[in-house]
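[1] Predicted coordinates and the sequence they were generated for:
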Amino acid sequence: TILEKLFYDIGNDLELIRYARESINQTLQMEFSNQIQPVKGQDEPSEVELVDKESVYFKLMVSDNTVVDDDFPVFSGSPYKKAYLIDDPFILDDLDDFVFLRDRGKGENDTILNPNRIHSHNFRLKTILKAKKVVSVFEQTVLDDSLKTVKEQIDKILPGTFEFSSDGEYYVQNGLKLKISNLATGSKMFSMIKILLEKGELDSTTMLILDEPEAHLHPMWQNSFAEIIVLLVKELGVNILLTTHSPNFVLALDAYMREYDIAQQTNFYQTHTLSDGFVQYYCVNDDMGTIYQDFMQYLSEVKMLRNRCLYNAEEL
């Protein structure tokens, strides 16, 4: 009872509420170059919500590209302890030069709201990738056991290990050391997932956001990456949100989520542009054909163009 009251009082402390809101405000402004709201929607306030069924975990209002100070708590709880956005495999290229400047901008009135301490999602991801994490023997045993199936799939593509030292960052295989920055771009995407896995950062409390992860992958590797994503959900309970423009990748995800029986944990969405220019997302779990039809339209267009050029015919 005492603890419940303590957490309630903390959650409703006006100073802490404003502190959290301003931290979020500065982070959003940095991430979106001071342009948080949609270009077409800046005349009216925007609302951002994170909702799961009846629970509202996160809610804020944005007006004039600034989070509105309404004295209401931004967070009402959270289903996740960790969130990672991976949208750039090339962040592995400059881990050598990455230094966390602990004392940067430090002064008498220094707080976490010092602009020098508000970091981008890539900065935070680099911090995790390069950080040394000490894991106990017991934790490592449990970790290895739970990761066994996922690691087997990743090791088919990337069987080596990673070495982070004062000499630099290397991918090591059969005693040979290759600078991580020299890995193929597709390998870097697998590398980041493997490093996060080995550090125990991917579990049921993690939200992993992947922006077009297949962009640098050969179709064969797209299939492998899709299987790994499905296994992360099935074996470790990782929450994954991803976007893609690849029909091959969508088909691979569709196939593997059925192979590993996680259809009840999977949702597919398709975007539609509305008459006012805004985009709406529709769940198409019961009509996956609309996604493939959309992709096939563009394949058909260039196929017809090729046929006209090749055979000098209007339609073949």
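    Cool, got the structure.
[2] C-alpha only now, for contacts and for neighbours.
    Will do.
[3] what about the strands in the stretch 151-300 of the chain?
    Assigned strands in the stretch 151-300 of the chain, in chain order: 161-165, 168-173, 176-179, 206-211, 239-243, 269-273, 279-283 (criterion: DSSP state E, counting those that start in this stretch).
[4] Those strands: which one's closest to residue 196?
    Each of the strands of the stretch 151-300 of the chain was checked against residue 196 via C-alpha to C-alpha, and the shortest separation belongs to strand 206-211, namely 10.4 Å.
[5] Switch the strands of the stretch 151-300 of the chain over to CSV; also include mean pLDDT, distance to residue 10 and mean neighbour count.
    Formatted as CSV, the entries for the strands of the stretch 151-300 of the chain read as follows, by pLDDT from 0 to 100; distance: least, C-alpha to C-alpha, whole Å; neighbours: other C-alpha atoms under 10 Å:
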stretch, mean pLDDT, distance to residue 10, mean neighbour count
strand 161-165, 88, 39, 16
strand 168-173, 91, 42, 17
strand 176-179, 94, 46, 14
strand 206-211, 96, 24, 18
strand 239-243, 97, 28, 16
strand 269-273, 93, 38, 13
strand 279-283, 93, 36, 11
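[6] which one of those lies closest to residue 89?
    Distance to residue 89, taken as C-alpha to C-alpha, is lowest for strand 206-211 among the strands of the stretch 151-300 of the chain, at 10.5 Å.
[7] ok so, going back, just so I know, which of the strands of the stretch 151-300 of the chain lies nearest residue 24?
    Taking C-alpha to C-alpha as the criterion, residue 24 comes closest to strand 206-211 out of these, the separation being 17.6 Å.
[8] Now do the closest one: which elements does it pack against?
    Using 3 or more C-alpha pairs under 8 Å, 6 or more residues apart in numbering; DSSP states H and E as the contact test, the elements touching strand 206-211 are strand 82-86, strand 239-243.
[9] Against which helices or strands is the last one packed?
    For strand 239-243, the contact count by 3+ C-alpha pairs under 8 Å, 6+ apart identifies strand 206-211, helix 219-236 as packing neighbours.
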